[in-house]
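*Asks:* can you look at this prediction? I've put the sequence above it.
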Amino acid sequence: MTQQLPLRQELPVEETWQLELLFDSQETYEEALGKFKLQLTQFVETYNGKLAEEEVLLASLKDYGDLYQQLYHLSAYASLAYETDKLNETFEINMSQMEDLYEWQAKQLTFYKHQLVELDSAVLEAVSNSEAGAEYKAYLEDLLRKKETFLSQEVEEVLSGLDNSIFNQYRQYLTMKLQDMTFDNFEVEGKTYANSFNGFEGDYEVHPNSEVRKKAWASFHDGLRRFENSAAVNYINYVQTQKKMASLRGFDTTIDYLLFDQKVSNEAYNRQIDIIMSEFAPVMRRYARMLAQEHGVEKVSLADIKMSFSTAEAATISIADSRKMIEEALSVLGEEYSDIVKTAFEERWIDYPMNQTKSTGGFCSTIYNGPSYILLNWTGLMSEVLVLAHELGHAGHFQLTNRNQNILTPEASLYFIEAPSTANEVIMCQYLLNQPISNEQKRILIGEFISRTYFHNMVTHLLEADFQRKVYLAIEKGDVLNASRLNAFFKETLQTFWGEDVEINDGAELTWMRQPHYFIGLYSYTYSAGLTIGTQIGQRIANREEAAIESWLEVLRAGGTLNPIELAAKAGVSMKDGEALRTAISFVDGLLDQMEALK
């Protein structure tokens with residue numbers, strides 16, 4: 001029998017991230033926690049009802065930012081440890097206490113934003129336009145933009161105090177997914193395989209053996225099905241709660257409420273989904289047909305769609321070699337960016353290996369004046385280079401933003417957030433294609449690029465977005481939802497996108513259960529928006545266009561001082577219509593042309 005994934009304590013320490021960069025011990029963390037609570041109490045006593053004078057207001061903004069820097073460090077230490085080991089009781093306690101702390105601090109600080117927006121506009125303008133207050137200008141402008149959505153201070157305090165109870169669905173989802181769900185072992189050619197979330201998504205789903213893929217698919221989706229009703233109730237409760245919050249804050253629809261935070265119009269949101277569903281679908285159906293032809297089958301199924309394009313043995317790479325490759329490819333972005341990448345490796349910001357109860361997929365979490373921690377589930381496949389380059393794109397972005405913006409400056413919109421990461425994938429692929437490799441190696445590489453970068457960001461996540469839109473629209477109409485309806489929504493999305501070119505396996509309708517993005521608002525569609533921008537920027541940077549590199553670095557430093565459409569425009573990409581998206585779609589179609597020409 002193949003072994004289960006290792007426990008956290010069985011991993012090589014040098015391949016895990018170094019949370020000691022935040023706090024060198026549990027005791028130091030607990031001391032900092034106590035210090036934070038004391039300083040927050042003093043902040044309330046010092047500033048509640050006393051913000052009218054410009055000097056006091058400036059002092060309060062500095063102290064408010066200091067508090068949030070401490071909170072981010074505390075939160076990261078608790079949550080990141082829990083993300084990698086949910087069997088550790090100390091980590092579980094830290095996480096639970098952190099959720100309580102977030103509720104408490106939010107309730108205590110409710111007065112602050114309310115009293116800021118109620119100040120005389122002349123005072124706010126004087127602070128924003130002063131030399132000392134200029135760094136807070138973006139924060140104050142964004143706060144005033146949200147003023148009409150505020151409820152009374154008393155109601156906001158109640159909601160803050162109940163936040164962990166009202167919006168606990170994400171925690172419940174992770175508990176169910178990573179602690180309660182189990183999957184049956186399966187056997188192929190006399191060998192028994194142990195299945196798991198990480199094992200399926202990181203290994204079996206892309207396994208070169210067709211029988212392994214199909215048996216793993218059946219085992220995995222049988223496991224999902226045992227929890228579909230609980231998962232549906234949890235997700236539907238989340239969406240219904242969002243709808244209630246949208247109504248409370250004066251929005252016509254939940255989608256309006258969620259897009260308001262992103263500074264994105266309904267038109268831009270719907271356009272991104274509609275164009276991909278109608279115009280990118282034919283390109284990816286072409287890819288599916290080419291994949292079937294390459295593997296000598298009449299039609300591929302969804303159980304096959306993520307297999308390597310090449311029938312040759314999948315190329316692997318060591319962590320050390322991936323580092324060399326990434327550092328060289330991203331050196332085009334200049335010395336400061338390269339130093340960030342090198343530091344990520346040298347200071348162990350990156351957590352590579354899979355282990356039991358570790359969160360699936362990958363992410364980057366940047367702490368202000370601290371590291372950018374990157375979670376991976378490393379398989380050693382060549383495609384992991386693109387994954388790591390992607391997450392380092394987030395690290396480079398937020399490190400540059402934090403060096404140039406105040407901690408209170410809003411983050412760049414979710415609509416833009418995946419542009420720096422996906423641009424890095426494009427740069428990385430172009431770098432690899434420029435190496436002295438054979439036509440067949442180039443063909444294999446392009447196939448990996450499409451299946452990793454474009455499939456993941458513009459198909460997997462976009463299908464989630466189309467499904468998610470169906471759910472929100474149904475909730476707005478007052479429809480009664482359950483697991484059966486959610487399954488039907490997702491199956492309809494799959495059938496619309498793939499048509500007759502891909503077989504929809506039994507269980508594919510449960511795919512909505514796999515993705516945590518649904519608990520982060522309208523996140524899924526933003527991957528394709530980011531890649532739309534990243535496709536053009538990445539090509540220009542890979543071609544070493546100095547003007548493009550410099551403008552891109554300026555955009556990364558800008559953070560949320562500009563809205564996402566303005567950030568894209570500053571980088572030289574217009575997102576005011578569908579032209580940039582159609583350019584990205586044509587680029588992928590052109591990649592398929594190259595693959596056919598190289599055959």
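*Replies:* Everything's here; your move. Residues are numbered from 1 along each chain as shown.
*Asks:* alpha carbons only for contacts and neighbour counts from here, please
*Replies:* OK.
*Asks:* tell me what the longest helix belonging to the chain is packed against?
*Replies:* Looking across the chain with DSSP state H, the single longest helix is helix 54-84. For helix 54-84, the helices and strands in contact under the criterion 3 or more CA pairs under 8 Å, 6 or more residues apart in numbering; DSSP states H and E are helix 26-47, helix 89-108, helix 121-129.
*Asks:* please redo it, this time with the cut-off set to 10 Å
*Replies:* Using 3 or more CA pairs under 10 Å, 6 or more residues apart in numbering; DSSP states H and E, the elements in contact with helix 54-84 are helix 26-47, helix 89-108, helix 110-117, helix 121-129, strand 363-366, strand 372-375.
*Asks:* got the angle for the first one vs helix 110-117?
*Replies:* Meaning helix 26-47. With axes from the mean of the first three to the mean of the last three CA atoms, to 10 degrees applied, the angle from helix 26-47 to helix 110-117 works out at 40 degrees.
*Asks:* buried residues of helix 26-47, list them for me.
*Replies:* Under the neighbour-count criterion of 16 or more other CA atoms under 10 Å, helix 26-47 has 29, 32-33, 36-37, 40, 43-44, 47 buried.
*Asks:* Serialize those residues to CSV and add fields for pLDDT and distance to residue 160.
*Replies:* Formatted as CSV, the buried residues of helix 26-47 follow (pLDDT from 0 to 100; distance: CA to CA, whole Å):
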residue, pLDDT, distance to residue 160
29, 98, 24
32, 98, 23
33, 97, 20
36, 98, 18
37, 97, 16
40, 98, 16
43, 98, 18
44, 97, 16
47, 98, 19
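*Asks:* closest to residue 341 out of those residues?
*Replies:* residue 29 (26.9 Å; CA to CA).
*Asks:* farthest pair within the buried residues of helix 26-47?
*Replies:* Largest separation among the buried residues of helix 26-47 by CA to CA: 29 and 47, giving 26.7 Å.
*Asks:* for this protein, what helix or strand is lowest in average pLDDT?
*Replies:* Here the helix or strand of the chain ranked lowest by mean pLDDT, DSSP states H and E is helix 163-166, holding a mean of 81.
*Asks:* which stretches of the stretch 101-250 of the chain form helices?
*Replies:* For the stretch 101-250 of the chain, the helices defined by DSSP state H, counting those that start in this stretch cover 110-117, 121-129, 137-145, 153-161, 163-166, 169-175, 197-202, 210-225, 228-248.
*Asks:* least reliable of those going by mean pLDDT?
*Replies:* Within the helices of the stretch 101-250 of the chain, the least confident segment by mean pLDDT turns out to be helix 163-166, at a mean of 81.
*Asks:* can you give me the distance of the nearest residue to residue 16 once chain neighbours are set aside to residue 436?
*Replies:* Setting aside the residues directly before and after it, residue 16 is nearest to residue 351 in space (CA to CA, 6 or more residues apart in numbering), at 4.1 Å. With the distance defined as CA to CA, to the nearest Å, residue 351 ends up 31 Å from residue 436.
*Asks:* and if you look at residue 131?
*Replies:* From residue 131 across to residue 436, the span is 53 Å (CA to CA).
*Asks:* surely residue 153 meets residue 106?
*Replies:* No - under the criterion of CA atoms under 10 Å, residue 153 makes no contact with residue 106, lying 11.7 Å away.
*Asks:* my read: residue 352 touches residue 17, true?
*Replies:* Yes - in this structure, residue 352 is within contact of residue 17 by CA under 10 Å, at 8.0 Å.
*Asks:* quick check: neighbours shared by the two?
*Replies:* Shared contacts of residue 352 and residue 17, defined by CA atoms under 10 Å, 6 or more residues apart in numbering, are found at 374-375.
*Asks:* and residue 351, backbone torsions?
*Replies:* Torsion angles at residue 351 (phi, psi; degrees, to the nearest 10) stand at phi -110, psi 110.
*Asks:* residue 387 contacts residue 425, correct?
*Replies:* Yes - counting by CA under 10 Å, residue 387 does reach residue 425; the two are 7.6 Å apart.
*Asks:* out of the two, which sits in the more crowded spot?
*Replies:* Neighbours around residue 387 and residue 425, counted as other CA atoms under 10 Å, are more numerous at residue 425. The numbers are 29 against 23.
*Asks:* in this structure that one contacts residue 541, no?
*Replies:* No - no contact is recorded between residue 425 and residue 541 when judged using CA under 10 Å, the distance being 11.5 Å.
*Asks:* start and end of stretch 105-115, how far apart?
*Replies:* Taking CA to CA, stretch 105-115 runs 16 Å from one end to the other.
*Asks:* okay, and the common contacts of residue 153 and residue 106?
*Replies:* With CA under 10 Å, 6+ apart applied, the overlap between the contact sets of residue 153 and residue 106 consists of 112, 159.
*Asks:* where along the stretch 251-400 of the chain do the strands fall?
*Replies:* Under the criterion DSSP state E, counting those that start in this stretch, the stretch 251-400 of the chain carries strands at the ranges 300-301, 350-351, 363-366, 372-375.
*Asks:* the third one packs against which elements?
*Replies:* Here strand 363-366 touches helix 54-84, strand 372-375, helix 384-404, going by 3+ CA pairs under 10 Å, 6+ apart.
*Asks:* how far away from the center of its chain is the shortest one?
*Replies:* The one in question is strand 372-375. Using CA atoms, centre = their mean, to the nearest Å, the distance from the centre of strand 372-375 to the centre of the chain it belongs to is 12 Å.
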